[in-house]
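1. whatever this is, show me its structure:
(4 chains)
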4 protein chains.
Amino acid sequence: MAAFEIPVKVRFGDVDAAGIAYFPSIFNMIHRVFEDLWEHHVGIPYSDLIVGKQLGFPLVNSNVDFKSPLRFGDEPRVVVTCERLGRSSLTLRYQFFLGKELALDARMTTACIDMTRLKSCAIPEMYRGPLLALQADDS
Amino acid sequence: MAAFEIPVKVRFGDVDAAGIAYFPSIFNMIHRVFEDLWEHHVGIPYSDLIVGKQLGFPLVNSNVDFKSPLRFGDEPRVVVTCERLGRSSLTLRYQFFLGKELALDARMTTACIDMTRLKSCAIPEMYRGPLLALQADDS
Amino acid sequence: MAAFEIPVKVRFGDVDAAGIAYFPSIFNMIHRVFEDLWEHHVGIPYSDLIVGKQLGFPLVNSNVDFKSPLRFGDEPRVVVTCERLGRSSLTLRYQFFLGKELALDARMTTACIDMTRLKSCAIPEMYRGPLLALQADDS
Amino acid sequence: MAAFEIPVKVRFGDVDAAGIAYFPSIFNMIHRVFEDLWEHHVGIPYSDLIVGKQLGFPLVNSNVDFKSPLRFGDEPRVVVTCERLGRSSLTLRYQFFLGKELALDARMTTACIDMTRLKSCAIPEMYRGPLLALQADDS
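-> Numbers count the residues shown, from 1 in each chain, chains lettered A, B, ... in the order given. The predicted structure follows:
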């Protein structure tokens, strides 16, 4: 297994009146990491996937444990693994670590959609290898 | 049971390049409904709760099914019920209906926090009645 | 003159670590008021304008004075007037009042765009009357 | 003069239904660049400035020309120069370039505030040198 890892940073615009990341901003961070994964791990900029290939990945389910707060200036390391790769759906797990501590644990299931017809479609073969490489050994 | 119901509106700033509500914006809508529930159902403006009473409700878990997309201009009706009211935690269910169709089903568990000490604390007695009134008969 | 007036509310998600509205959120409020103006004053939902009529109003210039902070829970009254209505461009002024105090004064100039060709186009005649009605007597 | 330069990226969450950066998102980008400038040019993480030094920089005026749209996937280069450094106020200019083309030209004037007293205060001497270094030769 080779997890995809990337640091993110909690910005001024992400925090609430208590100085803690507002959860809609955390979901925005998760999407940014998803975009980074396509570009840096799978090998295609996410904008090319959407605009060029007309593929979209709408969210079907999200299940997130918020274990400890992310504060302004924190730079959690996000570790992405693949929990399930179906024909036309994909479940990724995003773990946010502050040092060794797991601060946030998110499972995000997305469908693959042909945006010209707005119908579910198979995840193209060329992307399956890089996604499968993110599966944990015991999953 | 008396569910709390309120319409929301999918605004231009909420939608993505496909004209569909971007999920971080949906989480922002859920928080706005949470604020409205405190003000219009429990009877205290959410800002008074945070700033005046120094109580906060950080998210502990969120589990959301995105069943059908919310589009620009849609005005879903959000129905809020209470799934569980613990001593210091609260699980609310937010169902977004487009007509009769359930478009989104969210369960959000929050802790109650004393913001001066950043410690878990009991949900004050005066708020428990209105929250219990949101419990479904079969829950 | 009949200005368009509408209250807005500073939400939890709008404020920063100091409890003051983060300026990108204020720009989002301004756009929401622009949408409300189309729906409630001009008489066409903004989503119909964009999706149905394929008209867009990209921003060309914005000039904003931030005179006093908007705090969490504030409900400023926004007064919109028309500073200039050109053939294909529109300058609206948004004044945010907290009681009698002018907290924010924004001038936003937008072009009118045919979104099918992404070219500037004339603001349709039927919308000019309601926009002209928002001109101050001395402008 | 040594301008501060940094690339930014137009993300999925930044664009609207037309695939163009929604202007509140552009203002968020500008603030992120402001944070980067403090950390990478002045030499103090912005969160240390806010939380540690209790200094804030609320916006007083913003004047922005939106010359051409920023699209999903664009990676404009932002060039920041100092237009004016007063005792307690600072005007920075942010120019967004797509290749050689100036897509966006923003002037943002901020006050320096002592956040413990919420009063205007002098920009500390140690930060003035790096900010003055960003002044254009002809300004």
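
2. please count neighbours and contacts with C-alpha atoms only from this point.
-> OK.

3. for chain A, what spans make up the helices?
-> Counting by DSSP state H, one finds helices in chain A at the ranges A:23-36, A:46-47, A:125-132.

4. buried deepest among those helices, which one?
-> With neighbours defined as mean count of other C-alpha atoms under 10 Å in any protein chain shown, the helices of chain A peak in mean count at helix A:46-47, which reaches a mean of 23.

5. so is that one next to chain B?
-> No - Helix A:46-47 stays clear of chain B (C-alpha under 8 Å from any C-alpha of the partner chain), getting no nearer than 10.3 Å.

6. contacting residues around the closest residue to chain C within chain A?
-> When scored by C-alpha to the nearest C-alpha, chain A has A:Ala17 as its residue closest to chain C, at 4.3 Å. Going by C-alpha atoms under 8 Å, 6 or more residues apart in numbering or on different chains, A:Ala17 touches C:Phe12, C:Val15, C:Asp16, C:Ala17, C:Ala18, C:Gly19.

7. what about A:Val10, how many residues nearby?
-> Using other C-alpha atoms under 10 Å in any protein chain shown, A:Val10 is surrounded by 20 other residues.

8. now swap in A:Gly52 and tell me
-> A:Gly52 has 10 neighbours, counted by other C-alpha under 10 Å.

9. what's the most distant pair in the contacts of A:Ala17?
-> Using C-alpha to C-alpha, the pair of the contacts of A:Ala17 lying farthest apart is C:Phe12 and C:Ala18, separated by 11.8 Å.

10. coming back round to it: want to try a markdown table for the helices of chain A, with distance to B:Thr91 and mean pLDDT as columns?
-> Shown next, in a markdown table, are the helices of chain A (distance: least, C-alpha to C-alpha, whole Å; pLDDT from 0 to 100):
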| stretch | distance to B:Thr91 | mean pLDDT |
| --- | --- | --- |
| helix A:23-36 | 16 | 98 |
| helix A:46-47 | 35 | 95 |
| helix A:125-132 | 34 | 96 |
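
11. among these, which comes closest to C:Asp65?
-> Closest approach to C:Asp65 among the helices of chain A (C-alpha to C-alpha): helix A:23-36, 26.8 Å.

12. what angle separates the closest one from helix B:23-36?
-> Angle, helix A:23-36 to helix B:23-36, by axes from the mean of the first three to the mean of the last three C-alpha atoms, to 10 degrees: 170 degrees.

13. contacts for helix A:23-36, please.
-> By C-alpha under 8 Å, 6+ apart, helix A:23-36 touches A:6, A:8, A:14-15, A:45-46, A:78, A:94, B:23-28, B:59, D:11-13.

14. one step back: sort the contacts of A:Ala17 by pLDDT and name the bottom one.
-> Lowest in pLDDT among these is C:Ala18, which has 87.

15. which residue sits closest to it, ignoring its sequence neighbours?
-> Counting by C-alpha to C-alpha, 6 or more residues apart in numbering or on different chains, C:Ala18 lies nearest to A:Ala17, which is 6.0 Å off, once chain neighbours are set aside.

16. now do A:Ile50
-> Spatial nearest neighbour of A:Ile50, excluding adjacent residues (C-alpha to C-alpha, 6+ apart): A:Gly56 at 5.8 Å.

17. can you check A:Val15 too?
-> A:Ala21 (4.1 Å).

18. rewinding a little: hmm, the residue nearest to A:Ile50 is touching A:Arg117, no?
-> No - using C-alpha atoms under 8 Å, A:Gly56 is not in contact with A:Arg117, being 11.0 Å away.

19. which one of the two is surrounded by more residues?
-> Neighbour totals were compared for A:Gly56 and A:Arg117, and A:Gly56 leads with 22 against 9 (other C-alpha under 10 Å).

20. now do the contacts for the more buried one.
-> Residues in contact with A:Gly56 (C-alpha under 8 Å, 6+ apart) are A:Leu49, A:Ile50, A:Ala111, A:Cys112, A:Ile113, A:Asp114, A:Met115.

21. now do the phi/psi pair for the residue nearest to C:Ala18.
-> Dihedral pair for A:Ala17: phi -60, psi -20, per degrees, to the nearest 10.

22. contact partners for the residue nearest to A:Pro7 when sequence neighbours are not counted?
-> With sequence-adjacent residues excluded and distances taken as C-alpha to C-alpha, 6+ apart, A:Pro7 is closest to A:Arg77, at 4.2 Å. Residues in contact with A:Arg77 (C-alpha under 8 Å, 6+ apart) are A:Glu5, A:Ile6, A:Pro7, A:Val8, A:Phe96, A:Phe97, A:Leu98, A:Gly99.

23. in the sheet, who's paired with A:Arg77?
-> In this entry, A:Arg77 is beta-bridged to A:Pro7, A:Phe97, by DSSP bridges.

24. do A:Ser62 as well
-> Going by DSSP bridges, A:Ser62 forms beta bridges with A:Met108, B:Val64.

25. that one touches A:Tyr94, doesn't it?
-> No - look at A:Ser62 against A:Tyr94 with C-alpha under 8 Å: they stay out of range, at 10.9 Å.

26. overlap of the contact sets of the two?
-> Taking C-alpha under 8 Å, 6+ apart as the criterion, A:Ser62 and A:Tyr94 both touch A:Ala106, A:Arg107, A:Met108.

27. C:Pro124: which of those residues is nearest?
-> Nearest to C:Pro124 among those, with distances taken as C-alpha to C-alpha, is A:Met108, at 44.3 Å.

28. residue numbers of chain A in contact with chain D?
-> Contact residues, chain A versus chain D (C-alpha under 8 Å from any C-alpha): A:11-13, A:28, A:31-32, A:35, A:45-48, A:72-73.

29. low-confidence ranges, chain A, go.
-> Of all residues in chain A, those with pLDDT under 70 make up the ranges A:1, A:137-139.

30. what's the burial count for A:Arg87?
-> By other C-alpha under 10 Å, the residues close to A:Arg87 number 15.

31. please apply the same query to the one 4 residues further on.
-> As a burial measure, the neighbour count of A:Thr91 was computed by other C-alpha under 10 Å and equals 20.

32. what residues are up against the closest residue to it other than its chain neighbours?
-> Among residues not flanking A:Thr91 along the chain, A:Thr109 sits closest, at 4.2 Å (C-alpha to C-alpha, 6+ apart). Contact criterion C-alpha under 8 Å, 6+ apart gives A:Leu59, A:Val60, A:Asn61, A:Ser62, A:Ser89, A:Leu90, A:Thr91, A:Leu92 as the residues in contact with A:Thr109.
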